[in-house]
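pasting a predicted model and its sequence here:
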Amino acid sequence: MSSERPLKVLVYSDDRTTRESVRLSLGKRPAADLPELEYVECATEPAVIKTMDKGDVDLAILDGEAVPAGGLGIARQLKDEIFQCPPVLVITGRPQDAWLATWSRAEAAVSHPIDPIQLAEATAGLLRQRVASLPATT
């Protein structure tokens, strides 16, 4: 696995502690069968859009409770505007808000407070799909 490039994970929240919680929950690698993760933290919507437009993000984790721009609206915008948008995981305010994640077109959702095991499992599942869909490198 060491020859594989790290997987780039964008973590968006206006709250520094939420971004830190995501990073600490996932660690260097959310599952043994995946390459290591490289994090890009964004605290504003323009930073998310600029980073995603570069095209090298493998997974976006967006805080649905962020202000002034919530991750659910940003997720929907990314899915509308980026061709072959990478998978998006949203963090909702509560489990009952999962329907909002469906509206946003996110592939997965977890709720606050962040459960490290649930986040790691959801992230690993999305990244496995992403790795399988990437062109093989020689």
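Sure thing, it's come through. If you're wondering where the values come from, they're calculated on a predicted model, not measured in any experiment.

going forward, measure contacts and count neighbours with C-alpha atoms only.
Will do.

where do the strands sit along the protein?
With DSSP state E as the definition, the chain shows strands at residue ranges 7-12, 37-42, 59-63, 88-92, 108-111.

so how far is the last one off the chain centroid?
If you compare the mean C-alpha spot of strand 108-111 with that of the full chain, they lie 10 Å apart, counting by Cα atoms, centre = their mean, to the nearest Å.

same question, the third one
When distances are taken as Cα atoms, centre = their mean, strand 59-63 is centred 3 Å away from the chain's centroid.

residues in contact with that strand?
By Cα atoms under 8 Å, 6 or more residues apart in numbering, the surrounding residues in contact with strand 59-63 are 8-13, 18, 70-72, 74-75, 86-92, 126-127.

if you set the cut-off to 6 Å instead, what comes out?
Contact partners of strand 59-63, identified using Cα atoms under 6 Å, 6 or more residues apart in numbering, comprise 9-13, 71, 86-91.

now the two most distant members of the residues you listed.
Of all pairs drawn from these, the greatest distance, 18.1 Å, lies between Ser13 and Pro86 (Cα to Cα).

and the two? which has more neighbours close in?
Looking at Ser13 and Pro86 with other Cα atoms under 10 Å, you find the greater number of neighbours at Ser13, namely 27 against 21.

roughly how far apart are the more buried one and Leu126?
Shown here: Ser13 relative to Leu126, a distance of 20 Å by Cα to Cα, to the nearest Å.

equivalent analysis for Val57, please.
Using Cα to Cα, one gets 13 Å for the distance from Val57 to Leu126.
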